[in-house]
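Student: When you get a sec, could you give me coordinates for this:
(one chain, ligands or ions: 1)
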Amino acid sequence: MSRKLANVLITGTPGTGKTSLASLLATQTGFKHVEIGRYVKEHDLHDGWDEDLSCYILNEDKVCDFLEDRMSAGGNIVDHHGCDFFPERWFDHVLVLQTENGILYNRLEQRGYSGRKLRENIECEIMHVIVEEARESYREGIVRVLKSDTVEDQDKNMDVALSLLGGAGEQGAAAGSPKKKQRC
Ligand SMILES: Nc1ncnc2c1ncn2[C@@H]1O[C@H](COP(=O)(O)OP(=O)(O)OP(=O)(O)O)[C@@H](O)[C@H]1O
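Tutor: Sure thing, here's the model as predicted:
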C-alpha cells in the first residue's frame, strides 16, 4: 500500500499548541485537519462522559475504524494529545510539541483548567509522557520534538512541517513498513 500524500501527527500535552499549528498547516497545505477531540464528540467515537475530568472517554477502536479510509488516502494532519493507539503505518511524520511548564500552566489556567485536570496535565508535561509515548510508538526517524513556547517557535515549527511535507510524495513509501502494534 502506498499514499500519494503524507500523513502528519501533531501531538503533545493539552495546551502545547497542537490545534493552532495544525490549523495553520492545514490552511497552507490544503491537507485535512483531523482534530481527534472534535471528531470524537461529533461522531460519537466515545464511551460516555468522564465527570471527574470533564471530557469524553475516547473509544480507540471506534476512532481508528472511523479514520482508516481517510488515513489510507493520505493528506491528513492529525491533532491529538495521545499517540500510542493509532496504527504506526498511518504516519510519515510525528511532531511532538513541548511547552515550558510555567507557560503551559498559564495557558491551561486561562482556559479554565483547575484542580486535578490542571495538575495532571502539568505533570504529564514535566514527565515528558507524550514524548516517551511517541518514541515508543513510532520509528525513530519520523519523530521530531519541537519547542512551542512562543509565536516565534510556532513560526519555526511551521517551517519544519512545511519542509517535511515538501517530500510528501516520497514519504508515502513508508506506509508499507511493518506495524509495531495491532491495536486497531
Ligand atoms: N507557540 C505558541 N506560542 C504562544 N501561544 C501559543 C502557541 N501555541 C499555542 N498557543 C496558544 O496556547 C493556547 C492553546 O493552544 P492550542 O489550543 O493550539 O493547544 P492544544 O495543544 O491544541 O490544546 P488541546 O490539546 O487541549 O486541544 C491557545 O490560546 C493558543 O493561542
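
Student: From now on I want contacts and neighbour counts done on CA atoms only, so please keep to that.
Tutor: Will do.

Student: Next to the ligand, which bits of this structure? Give me the list.
Tutor: 14-20, 81, 107, 148-151, 153-154 (Cα under 6 Å from any ligand atom).

Student: What segments of this protein are helices?
Tutor: 18-29, 36-42, 60-73, 101-110, 115-126, 129-137, 151-165, 168-171 (DSSP state H).

Student: for those helices, which one sits closest to residue 4?
Tutor: Nearest to residue 4, of all the helices of the chain, is helix 168-171, at 5.1 Å by Cα to Cα.

Student: okay if I get the helices of the chain as a markdown table plus mean pLDDT, mean neighbour count and distance to residue 53?
Tutor: Shown next, in a markdown table, are the helices of the chain (pLDDT from 0 to 100; neighbours: other Cα atoms under 10 Å; distance: least, Cα to Cα, whole Å):
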| stretch | mean pLDDT | mean neighbour count | distance to residue 53 |
| --- | --- | --- | --- |
| helix 18-29 | 97 | 17 | 20 |
| helix 36-42 | 97 | 15 | 14 |
| helix 60-73 | 97 | 16 | 18 |
| helix 101-110 | 98 | 16 | 14 |
| helix 115-126 | 96 | 15 | 6 |
| helix 129-137 | 98 | 18 | 18 |
| helix 151-165 | 97 | 15 | 28 |
| helix 168-171 | 39 | 18 | 38 |
